[in-house]
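> A structural model of the following input is requested.
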Amino acid sequence: MNIKVIGIGDNVVDKYLHSGVMYPGGNALNFAVYARLAGCESAFLGAFGNDESARHVQDALRELKVDTQRCRHYEGENGYACIRLVDGDREFVTSNKNGVLREHPLQLSEDDLNYISRFDAVHSSINGFLESELEKIKQRNVTLSFDFSGRGTEAYFKQVCPWVDYGFISCGALSVDETLNKIHKLYDYGCKRVIATRGHEKVYYYDGVAITEWQPVYITPVDTLGAGDAFLTGFMLAILTGGNAQPEHDDIIRAMTAGGKAASQVLHHYGAFGFGKSYSD
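Numbering: from 1, shown residues only. As a prediction, this is how the structure comes out:
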């Protein structure tokens, strides 16, 4: 089955303070790249600045053959985040809050929406400044996944959840009971299916019927950056290729296993997907 997916929202460079090397990243962009590396046709729709960081991200996408034809281009800083590694675990030190994307949030035109409707699935996140456009996207009858990271207010969940088919939430800082409460909260706000990750602990899935649990295999990481994005990409591709509009228990376990395999591959190298380049500031 030939799956076509698009990531809409954020792109950044992750600047590693210990090495002076920057790597392309960002939740929506990583989704598009990981899908492409898995053999799918993929695209990215976001906003680029006109600096060294933006040029480096675009060079990587061209080499990987990720479609960027609908991206916006602005004068100003591309998104960036400064990263520190502690025993292989990435820590965000500072960022410019996604640069030009924050200054120029995406407003999707009819041409954009017609383009988006050619894809089987759209992925975005809390970093994509796309909240006002989700209803328009969902009206095009595409599967919509969304990464809440570990953030979000009650008002935010009320705005976003009704349009989300698969919502991902990071709960590494929460207890099991707190995680289960968060899952039910997102579902009650309208998210059709919720997937909660707790680092290398269990992954939980809920669709309003029952909680499905899965235990990943722990791998000592070189760098955890991008692992969560790789997991959700592997999970979504498994769901989409399965072709079951209402995934059952075995479908979910297969998708979690595929997500875990994708994440484990990312843990062995620096950056979300490589393409490191020295930066000048």
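
> Helices of the stretch 151-281 of the chain, residue ranges please.
For the stretch 151-281 of the chain, applying DSSP state H, counting those that start in this stretch gives helices covering 154-160, 176-188, 227-242, 249-266.

> what distance separates the start and the end of stretch 3-22?
30 Å (CA to CA, to the nearest Å).

> and what of stretch 37-55?
With CA to CA, one end of stretch 37-55 sits 21 Å from the other.

> shouldn't residue 259 be in contact with residue 234?
Yes. With contact defined as CB atoms under 8 Å, residue 259 reaches residue 234; the gap is 4.0 Å. (C-beta placed from N, C-alpha, C; glycine too.)

> mean confidence for stretch 191-209?
Stretch 191-209 carries an average pLDDT of 94.

> Of all the helices of the stretch 151-281 of the chain, which one is nearest residue 147?
helix 227-242 (6.2 Å; CB to CB).

> Next, the angle helix 249-266 makes with that closest one.
Put simply, helix 227-242 runs at 140 degrees to helix 249-266, going by axes from the mean of the first three to the mean of the last three CA atoms, to 10 degrees.

> then helix 227-242 to PDB, C-alphas only?
Only the C-alpha atoms of helix 227-242 are listed here, as PDB (Å, rounded to 0.1, in the frame of the first residue of the first chain):
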ATOM      1  CA  ALA A 227      13.200   9.300  19.400                       C
ATOM      2  CA  GLY A 228       9.700  10.300  20.300                       C
ATOM      3  CA  ASP A 229       9.000  11.600  16.800                       C
ATOM      4  CA  ALA A 230      10.400   8.400  15.300                       C
ATOM      5  CA  PHE A 231       8.100   6.400  17.600                       C
ATOM      6  CA  LEU A 232       5.000   8.200  16.500                       C
ATOM      7  CA  THR A 233       6.000   8.100  12.900                       C
ATOM      8  CA  GLY A 234       6.600   4.300  13.000                       C
ATOM      9  CA  PHE A 235       3.300   3.900  14.900                       C
ATOM     10  CA  MET A 236       1.300   6.000  12.400                       C
ATOM     11  CA  LEU A 237       2.800   4.300   9.300                       C
ATOM     12  CA  ALA A 238       1.900   0.900  10.700                       C
ATOM     13  CA  ILE A 239      -1.700   2.000  11.400                       C
ATOM     14  CA  LEU A 240      -2.000   3.500   7.900                       C
ATOM     15  CA  THR A 241      -0.600   0.500   6.100                       C
ATOM     16  CA  GLY A 242      -2.800  -1.800   8.100                       C
END
